[in-house]
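Undergrad: coordinates only, sequence not included:
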């Protein structure tokens with residue numbers, strides 16, 4: 001029989017240097033034990049080292065293992081045969097099908113019910129995330145559901161609860177559950193909401209400063225104003241900023257190029273060091289994607305949720321009687337809410353200041369103060385950002401065009417020098433110069449050209465023998481003329497290619 005002492009009281013056997021001398025490890029199994037149905041690793045053909053090659057042998061008490069894992073199949077059969085089989089196992093179900101299915105589906109996105117209670121009490125975000133908290137808030141048990149479950153348990157105490165019913169009972173055992181969840185949700189939301197508010201406000205401040213100090217933005221407005229005053233025959237001081245969206249749509253009546261196209265050329269020719277504007281105003285582009293009216297509403301909502309969080313904390317403190325919660329958790333939550341309230345007040349002040357700065361920026365653009373309320377922040381930023389993108393595209397095209405024009409001027413200058421040399425040089429020098437500048441000709445084409453010159457099936461050697469010495473002189477003169485004509489043809493082809 002197995003000794004009455006607990007296994008924890010037994011001294012740990014030491015592993016001898018020679019494992020074969022270990023009586024515990026060498027114990028032979030005399031009873032049938034249960035089996036582990038694992039998949040064994042096969043011998044690998046390669047010689048790569050695995051974790052199994054690096055394991056160090058550890059001694060285990062095989063006699064204890066035999067006792068603990070002895071196969072007791074006959075005993076189980078006797079116990080099962082003594083039970084009365086009454087059909088499938090029944091369980092207590094009091095929820096309607098729709099509610100039960102909703103809870104069972106929601107449980108698949110949550111940790112096991114036995115872990116939820118401890119996680120909620122400690123507000124452990126590493127176990128339950130924001131989505132889990134929102135899911136729990138939709139699954140809160142009502143008093144009616146809990147009373148019906150308790151009544152069913154009293155009537156049939158021998159039956160187990162259904163999965164959904166057991167889950168609701170577990171949730172109902174958490175004191176102040178809704179208050180804890182909403183307080184926890186506020187803590188998790190606050191960091192993300194603070195980032196969503198502070199970053200756009202910072203981008204707006206930086207973007208307004210960039211536009212005020214941008215030489216490129218100033219030069220663009222100046223050229224547009226100059227063009228508009230000339231075309232309108234007026235001498236106006238400025239124009240409203242929303243006209244920037246229409247600048248790419250105005251086209252000339254000759255080449256049908258946009259006014260932005262000509263504006264870009266003039267700026268590159270007069271001030272070539274100007275930037276493309278779009279790369280400067282990244283904060284303006286980011287601010288254009290934020291609805292600042294909604295941002296103000298979010299600040300108001302955060303203030304209300306912070307006030308509600310204080311009420312939730314009072315509820316949790318009232319129902320929680322543990323010393324740990326009254327001490328550590330309560331103090332930490334209280335400090336967090338105090339800090340959150342201060343941050344919300346600061347963000348409200350910054351939002352108010354940035355609203356004032358934006359109105360001052362509109363006044364700087366020439367918009368009357370009485371009309372500044374008609375301009376939304378993201379709308380103005382979007383107009384400037386989209387115009388800057390159009391300007392950058394037009395600037396790149398203009399730079400390419402100016403580059404081609406510069407290369408064409410250099411070619412014309414080289415061609416003029418070549419003509420000047422041609423006037424001051426003899427024909428032989430010109431042919432040599434042309435031969436040096438001309439790309440090497442293909443011999444095949446040259447042979448075909450000479451055959452056409454001499455006539456079909458012409459034979460120069462045969463003709464020289466036929467004509468004698470006089471034929472040699474005539475042949476040399478004809479060859480010299482042909483060489484000069486070939487040079488003129490090459491010059492003509494080169495000019496045609498350049499044009």
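TA: Happy to help now that I have it. The shown structure was predicted, so the numbers you read here are calculated from the model rather than taken from an experiment.
Undergrad: how about the nearest residue to the residue nearest to the spatial centre of the chain, chain neighbours excluded?
TA: The residue lying closest to the centre of the chain (C-alpha atoms, centre = their mean) is residue 286, at 14.6 Å. Distance criterion C-beta to C-beta, 6 or more residues apart in numbering; nearest residue to residue 286, sequence neighbours excluded, is residue 203 at 4.6 Å. C-beta: built from backbone N, CA, C; applies to glycine.
Undergrad: so what does the strand or helix carrying residue 204 touch, helix or strand wise?
TA: Per DSSP states H and E, residue 204 falls inside helix 177-213. Packed against helix 177-213 by the contact rule (3 or more C-beta pairs under 8 Å, 6 or more residues apart in numbering; DSSP states H and E) you find helix 113-122, helix 130-138, helix 282-287, helix 292-319, helix 330-364, helix 377-424.
Undergrad: which elements pack onto the third one?
TA: Taking 3+ C-beta pairs under 8 Å, 6+ apart as contact, the helices and strands that helix 282-287 lies on are helix 177-213, helix 377-424.
Undergrad: tell me the most buried of these?
TA: Among the helices and strands packed on helix 282-287, the stretch with the highest mean neighbour count (mean count of other C-beta atoms under 10 Å) is helix 177-213, at a mean of 18.
Undergrad: what's downstream of that one, the next helix or strand?
TA: Next along the chain after helix 177-213, taking DSSP H and E as the criterion, comes helix 215-232.
Undergrad: what's the angle from that next one to helix 177-213?
TA: 60 degrees (axes from the mean of the first three to the mean of the last three C-alpha atoms, to 10 degrees).
Undergrad: residue 116 is in contact with residue 173, correct?
TA: No - counting by C-beta atoms under 8 Å, residue 173 does not reach residue 116; the two are 10.2 Å apart.
Undergrad: so between the two, which is more surrounded?
TA: Shown here are residue 173 and residue 116; by other C-beta atoms under 10 Å, residue 116 has more neighbours (20 against 10).
Undergrad: with adjacent residues omitted, what lies nearest to residue 274?
TA: residue 216 is the one closest to residue 274 (C-beta to C-beta, 6+ apart), at 4.7 Å.
Undergrad: pLDDT at that neighbour, what is it?
TA: What the model reports as pLDDT for residue 216 is 89.
Undergrad: show me what contacts residue 281?
TA: 207, 210, 211, 214, 384, 385, 388 (C-beta atoms under 8 Å, 6 or more residues apart in numbering).
Undergrad: rerun that using 6 Å as the cut-off
TA: Taking C-beta atoms under 6 Å, 6 or more residues apart in numbering, we find residue 281 in contact with 210, 388.
Undergrad: now the one 4 residues further on
TA: Counting by C-beta under 6 Å, 6+ apart, residue 285 makes contact with residue 385.
Undergrad: tell me which helix or strand in this structure has the weakest average pLDDT.
TA: The helix or strand of the chain with the poorest confidence is helix 323-324; it has a mean of 44 (mean pLDDT, DSSP states H and E).
Undergrad: next, count neighbours for residue 316.
TA: Neighbours of residue 316 using other C-beta under 10 Å come to 22.
Undergrad: same check on the one 4 residues further on?
TA: When neighbours are defined as other C-beta under 10 Å, residue 320 has 17 of them.
Undergrad: phi first, then psi, for the closest residue to it other than its chain neighbours.
TA: In this structure, residue 320 finds its nearest non-sequential neighbour in residue 175, 6.4 Å apart by C-beta to C-beta, 6+ apart. Per-residue torsions, residue 175: phi -70, psi 140 (degrees, to the nearest 10).
Undergrad: and if you look at residue 246?
TA: phi -100, psi -10.
Undergrad: before we move on, what about the one 5 residues further on?
TA: Reported as degrees, to the nearest 10, the phi and psi values for residue 251 are phi -120, psi 150.
Undergrad: how close does the residue lying closest to residue 200 once chain neighbours are set aside sit to residue 70?
TA: Among residues not flanking residue 200 along the chain, residue 290 sits closest, at 4.0 Å (C-beta to C-beta, 6+ apart). Residue 290 sits 70 Å away from residue 70, going by C-beta to C-beta, to the nearest Å.
Undergrad: in three-state terms, how would the residue nearest to residue 200 be classified?
TA: Assigned with DSSP: H, G, I helix; E, B strand; the rest coil, residue 290 falls in the coil class.
Undergrad: surely it touches residue 199?
TA: No - taking contacts as C-beta atoms under 6 Å, residue 290 lies outside contact range of residue 199: 8.5 Å.
Undergrad: what's the first helix or strand after whatever helix or strand residue 152 lives in?
TA: Assigned by DSSP H and E, residue 152 belongs to helix 143-155. Next helix or strand after helix 143-155 toward the C-terminus (DSSP H and E): helix 163-172.
Undergrad: can you pull the contacts of residue 238?
TA: Counted by C-beta under 6 Å, 6+ apart, residue 238 has contacts residue 366.
Undergrad: can I take it that it is in a helix?
TA: No - using three-state DSSP, the assignment for residue 238 is coil, not a helix.
Undergrad: could you list the low-pLDDT ranges of the stretch 201-350 of the chain?
TA: Within the stretch 201-350 of the chain, the stretches with pLDDT under 70 are 321-329.
Undergrad: ok so, going back, confidence-wise, which of the helices and strands packed on helix 282-287 is weakest overall?
TA: helix 377-424 (a mean of 83).
Undergrad: against which helices or strands is it packed?
TA: Helix 377-424 sits against helix 259-270, helix 282-287, with contacts defined as 3 or more C-beta pairs under 6 Å, 6 or more residues apart in numbering; DSSP states H and E.
Undergrad: gap between it and the chain center?
TA: Average the C-alpha atoms of helix 377-424, do the same for its chain, and the two points are 35 Å apart (C-alpha atoms, centre = their mean, to the nearest Å).
Undergrad: tell me the angle it makes with helix 330-364.
TA: Using the same axes, to 10 degrees: helix 377-424 against helix 330-364 is 50 degrees.
Undergrad: so residue 159 sits against residue 92, correct?
TA: Yes - counting by C-beta under 6 Å, residue 92 is a contact partner of residue 159 at 5.1 Å.
Undergrad: which one of the two has more residues nearby?
TA: Legend: neighbour count by other C-beta under 10 Å for residue 159 and residue 92, higher for residue 92 (17 against 14).
Undergrad: list the contacts for the more buried one?
TA: Applying C-beta under 6 Å, 6+ apart, the residues near residue 92 are 152, 159, 161.
Undergrad: again, only using 8 Å
TA: 149, 152, 153, 156, 159, 160, 161, 162, 165.
Undergrad: equivalent analysis for residue 274, please.
TA: Counted by C-beta under 8 Å, 6+ apart, residue 274 has contacts 215, 216, 219, 267, 268.
Undergrad: among those, who's most crowded?
TA: residue 216 (22 neighbours).
Undergrad: does that residue really touch residue 278, like I thought?
TA: No - assessed by C-beta under 8 Å, residue 216 is found out of contact with residue 278, at 9.6 Å.
Undergrad: can you count the residues close to residue 353?
TA: 12.
Undergrad: and the pLDDT for it?
TA: On the pLDDT scale, residue 353 gets 94.
Undergrad: also the one 3 residues further on?
TA: Residue 356 is assigned 93 on the pLDDT scale.
Undergrad: can you tell me how far it is from residue 214?
TA: 21 Å.
Undergrad: re earlier: including distance to residue 64, could the helices and strands packed on helix 177-213 go into TSV?
TA: Output for the helices and strands packed on helix 177-213, formatted as TSV (distance: least, C-beta to C-beta, whole Å):
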stretch	distance to residue 64
helix 113-122	29
helix 130-138	42
helix 282-287	67
helix 292-319	47
helix 330-364	46
helix 377-424	73
